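K.L.:
Provide a 3D model corresponding to the input given below.
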Amino acid sequence: MDCVLLRHGIAVERDEWEGSEADRPLTEEGAKRVAQAVAGLNRLDVQPTHILSSPLLRAIETAKIVRRSLLVRSAVQIVDELLPDASPDRLLSILHDLPPESCVVCVGHEPQLGIAASVLLSGRATASFPMKKAGACLIELSIPVKPGRGALRWWLTPRQLRSMGREGVKAED
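P.N.:
Predicted structure coming up:
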């Protein structure tokens with residue numbers, strides 16, 4: 001199973017937002033950069049069968065861009081297991097129940113995504129793997145999914161993904 005961990009894009013700043021934290025959206029620039037980063041995922045031949053998203057609006061908006069851009073047939077599944085303070089063990093239980101041939105994109109937040117990556121790769125919950133906004137990594141998971149048994153295939157910054165996406169557009173023109 002392939003698991004792509006993707007952090008949401010740039011959102012409206014907390015001090016500029018008058019609504020609830022859960023409803024803080026992506027900025028226009030944030031949505032544009034996510035679309036460019038997802039074009040980079042497309043160049044990497046990421047073909048998701050499942051998209052999981054945190055219930056916070058900025059993550060849902062990011063997940064919808066992924067779904068639309070990568071032509072994913074299944075709906076975005078909203079899960080509390082991707083909230084910023086969720087235990088990585090809860091995410092592992094969802095991954096454990098997916099078919100072995102799945103490619104799942106998990107859209108969430110820091111510190112949860114970085115800690116989930118550390119559990120999948122090392123078996124330990126540490127903050128050693130922080131992700132930038134619209135950055136992503138692909139971890140190949142052995143079946144059954146267990147802590148410390150994941151294999152890192154790539155870890156890319158948003159800038160690297162956007163650059164790859166732009167290269168793909170130029171090559172097709």
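
K.L.:
okay, now Met21: neighbour count?
P.N.:
For residue 21 the amino acid is Glu, not Met. 12 (other CB atoms under 10 Å). From N, CA and C alone the C-beta is placed, and that goes for glycine too.

K.L.:
repeat that for Val34.
P.N.:
By other CB under 10 Å, 30 other residues sit near Val34.

K.L.:
how much space is there between the residue lying closest to Ala116 once chain neighbours are set aside and Gly108?
P.N.:
Nearest-residue entry for Ala116: Pro88, 4.1 Å, with adjacent residues in sequence omitted and distances by CB to CB, 6 or more residues apart in numbering. Distance of Pro88 to Gly108, computed by CB to CB, to the nearest Å: 10 Å.

K.L.:
which regions of this protein sit below the pLDDT cut-off?
P.N.:
Residue ranges of the chain with pLDDT under 70: 168-173.

K.L.:
so which residues of it form strands?
P.N.:
2-7, 50-53, 76-78, 103-108, 136-140, 151-156 (DSSP state E).

K.L.:
and those, which is most packed in?
P.N.:
Of the strands of the chain, the one with the most neighbours on average (mean count of other CB atoms under 10 Å) is strand 103-108, at a mean of 26.

K.L.:
other residues contacting it?
P.N.:
Applying CB atoms under 8 Å, 6 or more residues apart in numbering, the contact partners of strand 103-108 are 1-8, 46-54, 59-60, 62-63, 66, 82-84, 91, 95, 98, 113, 116.

K.L.:
how about the strands of the chain in JSON lines, adding distance to Glu16?
P.N.:
Below are these laid out as JSON lines (distance: least, CB to CB, whole Å):
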{"stretch": "strand 2-7", "distance to Glu16": "20"}
{"stretch": "strand 50-53", "distance to Glu16": "23"}
{"stretch": "strand 76-78", "distance to Glu16": "25"}
{"stretch": "strand 103-108", "distance to Glu16": "22"}
{"stretch": "strand 136-140", "distance to Glu16": "26"}
{"stretch": "strand 151-156", "distance to Glu16": "29"}
